[in-house]
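> have a look; sequence and predicted model below, questions after that.
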Amino acid sequence: MGQNLAAAAGGVGSAAGQIARLLGARSIVDSTGSAAKVKHLIEDLGFDAAFDYHKGPIRELLAQVAPDGIEVYFDNVGGEHLEAAISVLREHGRIAWCGSIAEYNGTEPLAAPRNLSDVVEKSLRLEGFLVRNYRHLQSELEELLVPHLQSRRIVIDQTIVKGFDHIVEAFLAMLRGENVGKMIIQVSEL
């Protein structure tokens, strides 16, 4: 692979970054919502750089951590993050678009990125995907990942909330970005 990747730091984005590193990505940069999560991404997950998207315009922050641009962007956020990525992607870069969490809590759909024409100008490839379209690759994925999960070369980030009665507050906390990784509700003790 040997390329530069940018992703967002939820459970899916942090997994994507770790898998990209495993597959040979040269540099992994990420965005997240707090200084503590920036530290976690760099120190615990081994990402090369990260930034807190609350600290300024995302486009500028991404350009600071990836001054030479990026070649691949894994998007699970949409909105301003996607627009920023389009602006720093190198010519012939690729976007894997898996979600738009920036829209999930809003009352109005987000506007399309204002620089969408750059997709043409830079000959970018933007492809949406859903995991369900790749079920036929599950055994190959398991073969690749299970040894690395067992050795802890790949870390599963998760926030566990105990008790089904906390499901609503856990869901809202997830939408506010208060979790690290996947938000899991533990219904009862095992």
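Ah, there it is.

> these two touch, right, Ser27 and Val65?
No: contact between Ser27 and Val65 fails when scored by Cβ atoms under 8 Å: they sit 9.4 Å apart. All C-beta spots, glycine's among them, are computed from the backbone N, C-alpha and C.

> give me the common contacts of these two.
Shared contacts of Ser27 and Val65 (Cβ atoms under 8 Å, 6 or more residues apart in numbering): Ala49.

> which residues in the chain form strands?
Per DSSP state E, the chain carries strands over the ranges 4-8, 27-32, 49-52, 70-75, 89-97, 125-128, 158-162, 182-186.

> check these for me and report the most buried one.
A comparison of these by mean neighbour count, using mean count of other Cβ atoms under 10 Å, puts strand 4-8 on top with a mean of 28.

> average pLDDT across that strand?
Averaging pLDDT along strand 4-8 yields 61.

> ok, stretch 32-47 next?
The average pLDDT within stretch 32-47 is 92.

> need the strands of the chain in a markdown table (columns: distance to Tyr134).
Output for the strands of the chain, formatted as a markdown table (distance: least, Cβ to Cβ, whole Å):
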| stretch | distance to Tyr134 |
| --- | --- |
| strand 4-8 | 18 |
| strand 27-32 | 22 |
| strand 49-52 | 27 |
| strand 70-75 | 14 |
| strand 89-97 | 12 |
| strand 125-128 | 12 |
| strand 158-162 | 22 |
| strand 182-186 | 19 |
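
> thought Val88 was touching Gln64?
No: the pair Val88 / Gln64 is not scored as a contact, 9.9 Å apart, by Cβ under 8 Å.

> low-confidence ranges in this protein?
1-9, 190 (pLDDT under 70).

> quick one: closest of the strands of the chain to Glu60.
strand 49-52 (9.5 Å; Cβ to Cβ).
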